[in-house]
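Participant: Whatever this is, show me its structure:
(one chain, ligands or ions: 1)
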Amino acid sequence: MTTLTDANTVVQNRAMQYFASHERLWLFGYGSLIYKVDFPYLQRRPAGIRGWQRRFWQGSHDHRGTPTAPGRVVTLVASEGALCQGMAFEITPDVFEHLDHREKNGYLRVVVTLEFEEGPREEALVYIAGADNPAYLGPASEADIAAQISASVGPSGSNRDYLLQLAAALRALEAEDAHVFGLERALRKRE
Ligand code: SIN
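Facilitator: Take a look at the predicted model:
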C-alpha cells in the first residue's frame, strides 16, 4: 500500500484500473457495507477472505465521528490463518464512484480472493484502511475502544449504532468474530 499524506483516498482509488474493463465484479464487505447497502448490486452472497482480521482500529472523521472527535470503525489487519467473514456483492464498475466517496477516509481498494461456502473462489475488491493512513488509530484496550464508540457521533449517525448493527449483521451471517462481539458486550456493560 502507498503511504498517504491525506486521509482522502478518492484520487488514489479512481486511479486503480483493476477490473475497470470488467462488466461485473465482486466487492467484499466486512463492515458497514454488510448492513448499509446504499448501492445497487446484481447479487449478494455470504463469503470470507483468508489472512485478514476485522478490527475497530480506523478513525472515522466523516461518518461516525468528526475530525476533532473521531469515532472508531473497522478495517482489516493481516493475520496468517485468520478468516474474515462478510458479504460479497456482485456489482458493475460504475458503482465505484459512490463507494470511493463513501470509503474515502483512508480506505484503499485491495484485490483479494473470496471463498464461498459452495462454488469456486473469485477475485474481489475490498476497501482496507492501512496503518499508514492519517486517520488510523490502531489497537487499544476493549474498554477504551468501547468508551470511544459510546461517545462518538458523526454525520452518518452514532458510532454505537455502527457497532451494534455490525454485530447483528454478523450474527445473522452466523459469523464468528470475538473482537466485534467482545466490544458489543463491553459497550452494553457500560450502558
Ligand atoms: C466495509 O464495510 O467493507 C468497509 C468498512 C466500512 O465501511 O465500514
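
Participant: dump the residue contacts of S21.
Facilitator: Not one residue lies near S21 by CB atoms under 8 Å, 6 or more residues apart in numbering. The C-beta positions use only the backbone N, C-alpha and C, and glycine is treated the same way.

Participant: hang on, L27 packs against I91?
Facilitator: Yes. Assessed by CB atoms under 8 Å, L27 is found in contact with I91 at 5.3 Å.

Participant: Pull up the overlap in contacts between the two.
Facilitator: Y41.

Participant: tell me the contacts of the closest residue to the ligand within the chain?
Facilitator: Across the chain, no residue is closer to the ligand than G31, which sits at 2.6 Å (CB to the nearest ligand atom). The contact partners of G31, by CB under 8 Å, 6+ apart, come to 54, 73-75, 86, 162, 166.

Participant: Check what pLDDT it gets.
Facilitator: The score at G31 is 98. That number is its pLDDT.

Participant: At which residues are the helices of the protein located?
Facilitator: For the chain, the helices defined by DSSP state H occupy 10-14, 32-35, 96-102, 142-151, 159-172, 178-190.

Participant: which parts of stretch 168-186 are buried?
Facilitator: By 16 or more other CB atoms under 10 Å, the buried positions in stretch 168-186 come out as 169-170, 173, 175, 177, 179-180, 183-184, 186.

Participant: can you redo the residues you listed as CSV with pLDDT and distance to the ligand?
Facilitator: Converted to CSV, these look like this (pLDDT from 0 to 100; distance: CB to the nearest ligand atom, whole Å):
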residue, pLDDT, distance to the ligand
A169, 98, 10
L170, 98, 12
L173, 97, 13
A175, 97, 13
D177, 98, 13
H179, 98, 14
V180, 98, 12
L183, 98, 14
E184, 98, 15
A186, 98, 19
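
Participant: Show me which residues of this structure sit near the ligand.
Facilitator: 29-33, 73-74, 103, 127 (CB under 6 Å from any ligand atom).

Participant: Of the residues you listed, which pair is most distant in space?
Facilitator: Longest distance between any two of the residues of the chain next to the ligand is 12.7 Å, between G29 and V73; criterion CB to CB.

Participant: if you count what's nearby, which of those two comes out ahead?
Facilitator: Using other CB atoms under 10 Å as the criterion, G29 and V73 rank with V73 on top: 30 against 23.

Participant: Could you pull up the residues touching that one?
Facilitator: Counting by CB under 8 Å, 6+ apart, V73 has contacts 31-32, 56, 58-60, 63-64, 159, 162.

Participant: Ok, R44 next?
Facilitator: Neighbour list for R44: 37, 87-90 [criterion: CB under 8 Å, 6+ apart].

Participant: Quick check on the residues you listed: which are buried?
Facilitator: 87-89.

Participant: Tabulate the residues you listed (CSV), appending pLDDT and distance to Q148.
Facilitator: Shown next, in CSV, are those (pLDDT from 0 to 100; distance: CB to CB, whole Å):
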residue, pLDDT, distance to Q148
M87, 98, 26
A88, 98, 30
F89, 98, 29
